[in-house]
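Chemist: Dropping a prediction and its sequence here:
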There are 2 protein chains.
Amino acid sequence: MAKSPSPRGRLSKKHYEQALPSLRDELIQLQVQLKDAPTKIILIVAGVDGAGRGDVINSLGEWLDPRGVEAFSIRTPTEEERERPLMWRFWRHLPARGRIGIFASSWYTETLREEATSKKEKAQLDHELRVIRHFEKLLSDDGTLIIKVWLHISKEAQSLRLRSLESDPNTAWRVTEDDWRAHRHYDRLADTARIIVKETDRPGAPWSILDASDPRARNLAVGELLVKRFQSHIARIQRRHAKSPRPSIRPRSLDPSGLRRLLALPLDQKLSEEDYEEKREKWLGRLHRSLRALQAERRSVIFVFEGWDAAGKGGAIRRLTSAIDVRDYRVVPVAKPTDEEKVHHYLWRFWRHVPRDGYITIFDRSWYGRVLVERLEGFARPEEWKRAFTELNDFEEQLTDHGTIVIKFWMHISKEEQLRRFRAREKTAYKLHKINSEDWRNRRKWEAYQVAIGDMLALTDTPFAPWQVIPSNNKRYARLQILKTSCKIIEEALED
Amino acid sequence: MAKSPSPRGRLSKKHYEQALPSLRDELIQLQVQLKDAPTKIILIVAGVDGAGRGDVINSLGEWLDPRGVEAFSIRTPTEEERERPLMWRFWRHLPARGRIGIFASSWYTETLREEATSKKEKAQLDHELRVIRHFEKLLSDDGTLIIKVWLHISKEAQSLRLRSLESDPNTAWRVTEDDWRAHRHYDRLADTARIIVKETDRPGAPWSILDASDPRARNLAVGELLVKRFQSHIARIQRRHAKSPRPSIRPRSLDPSGLRRLLALPLDQKLSEEDYEEKREKWLGRLHRSLRALQAERRSVIFVFEGWDAAGKGGAIRRLTSAIDVRDYRVVPVAKPTDEEKVHHYLWRFWRHVPRDGYITIFDRSWYGRVLVERLEGFARPEEWKRAFTELNDFEEQLTDHGTIVIKFWMHISKEEQLRRFRAREKTAYKLHKINSEDWRNRRKWEAYQVAIGDMLALTDTPFAPWQVIPSNNKRYARLQILKTSCKIIEEALED
């Protein structure tokens, strides 16, 4: 729980300057250690206007090595940010491993507003706080050190501070009409602040409330807090033995309903070439029209293609895109993460490709790698991939909350059909690049994959982003199904 | 030289469908080969409205593997784009190695406008064409395959096409008032187009003018052009033996005036602690004020810090940033490129950090690595680093043309002073991370580096971004010089 601020009283300039050198030394040395660790660090400096957030951050900017620090003051969202889900603009500013991100305003800034009196406003506040809790949990579960400071001053101290800023011509510009407005509503803001702090004070992301009435004591307190949190974080890293998990060769299902669904799927549909071509044209036209209507509403679509190796993802994507203006979509092939992606949370690489309003992104493989290949190859620890089911659902909920339509396909083929296709690929010169030893290795783990796929289908089949399981032994049938399904989902969304 | 379009006449559907399969086969196979090569490919599809740019691009989208293709239709620049130099929005969309970027609109779109009759307009057009020529040369020198297609139709064919689009309810939305306006001004647009094509038809980035009056013949012609250009590019790659250049141990100076300037620099200034502190406060305040004034004008600043190892770049940056609100600047430490950066042009990693209007970016080492470490270690071939002097000047000119102030420091110390500092670092526990075997290795190449630094100072000392050579044997003196110099440059810019 957050403690109440313990007033520190005034600190003389002399005492301040005596305390500073050793504090700065300690901070720099800890920063070097943390860079080698390496860890991601987020520091949020929040509080009412006039509490000195800017001052605190500028002092830290001087105390820390600026080459490892990035400070953000996220103000009005830019147009590119407004056209994406709420948290996109924070994701794009998250610090990489080994770096410190300091947020002067943050995901709390817009939540801290005057009143939440009506039922609707309270519900909205609750929703925002839930989103924040999920976000911070996601990051802290991933090893990010989150330090949240709430600078507290009394209403009287706030008024004094604003007046003192106004009286100095060098700082007068900092005081705006909004600040005085915030001052007049101090009590109501304080009520919201109490709720925010209470509801988002969680293990892994606790609040530290500091008395900010005296600037020097305040700065020192923040510095000392950082030293304490840095030290305990380093101790925790050292305690944690980096046991790398063993790959699961015989995974146990978490929810067998998905596996049952998979095994019950009829796979041997027929569709003549002629029949296919006729129907394809019809559905392509219909899909084209509905996508255009969607674009007119400035809504975006995310397609997720998952499936066995050789299930026909590439071909299906090619047929789908022939219905879309090439300037409106982007195909994102998901392979190994780049090294810029590796120093971030595993979802960061997908957030960066979230489309703007009115555009379409097609993921050829996706975030589901977390609960498939990463689970089975031991790239993710059991607690990590188990946690992922919730994280993935939450991610997709954020997308659909924004109005994005998420369409997920699992292209399913039989083990025999895969073998046939592998052999065919090996025989055709210009298809040879499509098959390698890894494909054969994965094939040997068919049964293990089946369990993981089943869990995925059971645990991430949500009302807002349900799975479409596509029987794909027959390529023509699968492609047509994908066109039809996409079309129907989009037409339904248009009716909302 | 660009050839005039040779009319192909009409192509029957039957002939088209006969020709298509082998063309598509060839394209896909070449795409696979180019992906393995790997090379960057830019395809620009330009032409007047109604010539079918969209159709052509959609056909290519179907013919090529969409996983390796990105299509861009760059329309109105976004706010984030407008707040940066003109070419930033194209840099951010350049394809990575192994990928094809198709541009429906491109750096030509805004240049193709109705009339350049007045002297001023002609000068502006000339300027834009020069920027485009430089940009394309830069990319093609770097191995990018640039294919530029100009789709030509007559005024009559344009009118027919617009009317036919309007008569179909599925396509009527595509015809806007702007299209008809463009049609009425066909002849004047054609004049500008002729100038554009003539002035930007260069080896490495030639125009291909294709008759677009018959859609099927046009699509086939584009496909065939791609096959031809892909094939010759692959042949060229295979011919080019990847000789890796040898490091220059005893480099010869290209322009000894820079080396002379360096050797003549007095290095042993004195500055007492007291004197320093007093003056520092004065200049920090003045710098703070002028930066604020600059920000009010929404102008941005780029600081470049270069210097010998242990010259004091980090300390100088820390002092400089104490004058700036931490939310307004970003320090970009330049080390080895990440793998996302490696698959792009060497300047791409710097373009991505160009600040928005009103912000400050501080580069701790910079693009000058190209003519220093890359020259001496043989990471760049002689023709590459020799070309770089012009490329770097051009880059900085684009920044300053946009209104950005570029301040470049070379922090200079003597060889003896460096030795003293290296030894001191080895003695202090928390400075140990600042020195490694590479520093000692670089030190052994002092004389060679001196020549390269001299060339850099001589060949990239431009009126718009001159070098500030800072004697840095005395740290206090150097830091103060940097504050003073920065201040004066910014104050001067404010007077403009």
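Modeler: Ah, there it is.

Chemist: okay, now the domains of chain A?
Modeler: Chain A breaks down into these domains under automatic domain parsing: A:13-239, A:257-495.

Chemist: Specify the stretch among the ones you listed that is closest to B:Thr428.
Modeler: Among the domains of chain A, domain A:13-239 comes nearest to B:Thr428, with 10.9 Å by Cβ to Cβ. In this view, the C-beta of every residue, glycine as well, is placed from N, C-alpha and C.

Chemist: May I see the domains of chain A arranged in TSV, with mean pLDDT and distance to chain B as well?
Modeler: Converted to TSV, the domains of chain A look like this (pLDDT from 0 to 100; distance: least, Cβ to the nearest Cβ, whole Å):
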stretch	mean pLDDT	distance to chain B
domain A:13-239	88	4
domain A:257-495	93	4
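
Chemist: would JSON lines of these with mean neighbour count and distance to B:Leu284 be doable?
Modeler: JSON lines is the format used below for the domains of chain A (neighbours: other Cβ atoms under 10 Å in any protein chain shown; distance: least, Cβ to Cβ, whole Å):
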{"stretch": "domain A:13-239", "mean neighbour count": "17", "distance to B:Leu284": "11"}
{"stretch": "domain A:257-495", "mean neighbour count": "18", "distance to B:Leu284": "34"}
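
Chemist: Can I get those in JSON lines including distance to B:Glu80?
Modeler: Shown next, in JSON lines, are the domains of chain A (distance: least, Cβ to Cβ, whole Å):
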{"stretch": "domain A:13-239", "distance to B:Glu80": "5"}
{"stretch": "domain A:257-495", "distance to B:Glu80": "12"}
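
Chemist: Those: which one's closest to B:Pro471?
Modeler: Nearest of the domains of chain A to B:Pro471, taken as Cβ to Cβ: domain A:13-239 at 23.4 Å.

Chemist: Work out the gap between the closest one and the centre of the chain.
Modeler: Relative to its chain's centre, domain A:13-239 lies at 20 Å (Cα atoms, centre = their mean, to the nearest Å).

Chemist: Run through the strands of the stretch 1-150 of chain A in chain order.
Modeler: Assigned by DSSP state E, counting those that start in this stretch, the strands in the stretch 1-150 of chain A fall at A:41-47, A:69-73, A:100-105, A:145-152.

Chemist: Now do the strands in the stretch 351-496 of chain A.
Modeler: Secondary structure of the stretch 351-496 of chain A (DSSP E, counting those that start in this stretch): strands at A:360-364, A:405-412, A:467-471.

Chemist: Which of these sits closest to B:Leu294?
Modeler: Using Cβ to Cβ, the strands of the stretch 351-496 of chain A put strand A:360-364 closest to B:Leu294, at 38.4 Å.

Chemist: A:Glu417 reaches A:Leu267, doesn't it?
Modeler: Yes. Using Cβ atoms under 8 Å, A:Glu417 makes contact with A:Leu267 at a distance of 7.5 Å.

Chemist: now what about stretch A:175-182, what contacts it?
Modeler: Residues from elsewhere that reach stretch A:175-182, judged by Cβ atoms under 8 Å, 6 or more residues apart in numbering or on different chains: A:48-50, A:162, A:165-166, A:189.

Chemist: okay, the strands of the stretch 1-150 of chain A in JSON lines with distance to B:Arg356 next?
Modeler: Below are these laid out as JSON lines (distance: least, Cβ to Cβ, whole Å):
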{"stretch": "strand A:41-47", "distance to B:Arg356": "22"}
{"stretch": "strand A:69-73", "distance to B:Arg356": "13"}
{"stretch": "strand A:100-105", "distance to B:Arg356": "17"}
{"stretch": "strand A:145-152", "distance to B:Arg356": "27"}
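
Chemist: Out of the ones you listed, which is closest to B:Ala311?
Modeler: Smallest distance to B:Ala311 across the strands of the stretch 1-150 of chain A (Cβ to Cβ): 21.6 Å, for strand A:69-73.

Chemist: relative to strand A:100-105, how tilted is that closest one?
Modeler: 10 degrees (axes from the mean of the first three to the mean of the last three Cα atoms, to 10 degrees).

Chemist: tell me the angle of strand A:69-73 relative to strand A:41-47?
Modeler: Counting by the same axes, to 10 degrees, strand A:69-73 lies at 40 degrees to strand A:41-47.

Chemist: Please identify the pairing partners of strand A:69-73 and their relative orientation?
Modeler: strand A:100-105 (parallel) (DSSP bridges).

Chemist: Using PDB, list the CA coordinates for the partner strand.
Modeler: Only the C-alpha atoms of strand A:100-105 are listed here, as PDB (Å, rounded to 0.1, in the frame of the first residue of the first chain):
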ATOM      1  CA  ILE A 100      15.600   4.400 -18.400                       C
ATOM      2  CA  GLY A 101      12.500   6.000 -19.600                       C
ATOM      3  CA  ILE A 102      11.300   9.000 -17.500                       C
ATOM      4  CA  PHE A 103       7.700  10.100 -18.000                       C
ATOM      5  CA  ALA A 104       6.700  13.500 -17.000                       C
ATOM      6  CA  SER A 105       3.300  12.900 -18.200                       C
END
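
Chemist: picking that back up, which two of the contacts of stretch A:175-182 have the greatest separation?
Modeler: The widest separation within those (Cβ to Cβ) is 20.1 Å, between A:Glu166 and A:Leu189.

Chemist: thinking again about what came up before, residues bridging contact with A:Glu417 and A:Leu267, i.e. touching both?
Modeler: Counting by Cβ under 8 Å, 6+ apart, the common neighbours of A:Glu417 and A:Leu267 are A:Asn473.
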